[in-house]
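Student: Got a sequence here, can you model it:
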Amino acid sequence: MRTLFAAALALSLLAPAAQAAGSLGQMTLYPGTDIAFLKAPDRERSRDLRLCATRGHVHVLWLDVFLRNGGHRTVPVNLRLPRDHCTSWIKLRGRALGRDVHRISVHYDSFHDHSGHAVLRAEGQ
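Tutor: This is a model prediction of the structure:
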């Protein structure tokens, strides 16, 4: 009985962290382009963000993160992101309460994929 209770307690402690990540949206990357834009939902405060490639692979060079207060962060990434993989969490510098993300522009290298395009999903926490 104690083992079952301890396991349930451990799962309940992990649940908030797992649920903390929220989707900021997704963007489609087309061949022949090297920048994609994403407008985040209203009032999406995030201290960290990550990108996930859901269709095809992408070489992400850097991100421009624009905040609702007019602030701007350029984040170097330089990572080849395989299909169905995510970057590690990228910290957005600023106050401890987080940043109100307005839009993200992703700068990337050309890629070759049989589908003709890749999709990147942005997540925040």
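
Student: From now on I want contacts and neighbour counts done on CA atoms only, so please keep to that.
Tutor: OK.

Student: Sketch out the low-pLDDT regions of this protein for me.
Tutor: By pLDDT under 70, the low-scoring segments of the chain are 1-21, 43-44, 94-98, 110-116.

Student: Would you map the helices across the chain?
Tutor: 2-19 (DSSP state H).

Student: Show me the strands in it, by range?
Tutor: Here the chain has its strands, by DSSP state E, at 22-29, 35-46, 48-55, 58-67, 72-81, 85-86, 90-91, 99-109, 118-124.

Student: got CSV for these, with mean neighbour count too?
Tutor: Formatted as CSV, the strands of the chain follow (neighbours: other Cα atoms under 10 Å):
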stretch, mean neighbour count
strand 22-29, 18
strand 35-46, 17
strand 48-55, 20
strand 58-67, 19
strand 72-81, 15
strand 85-86, 16
strand 90-91, 15
strand 99-109, 20
strand 118-124, 21
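
Student: so who does the nearest residue to L49 once chain neighbours are set aside touch?
Tutor: Nearest residue to L49, sequence neighbours excluded (Cα to Cα, 6 or more residues apart in numbering): G124, at 4.3 Å. Residues near G124 by Cα atoms under 8 Å, 6 or more residues apart in numbering: A21, G22, S23, L24, R45, S46, R47, D48, L49, R50.

Student: swap the cut-off to 7 Å and go again
Tutor: G124 sits next to A21, G22, S23, L24, S46, D48, L49, R50 when contact means Cα atoms under 7 Å, 6 or more residues apart in numbering.
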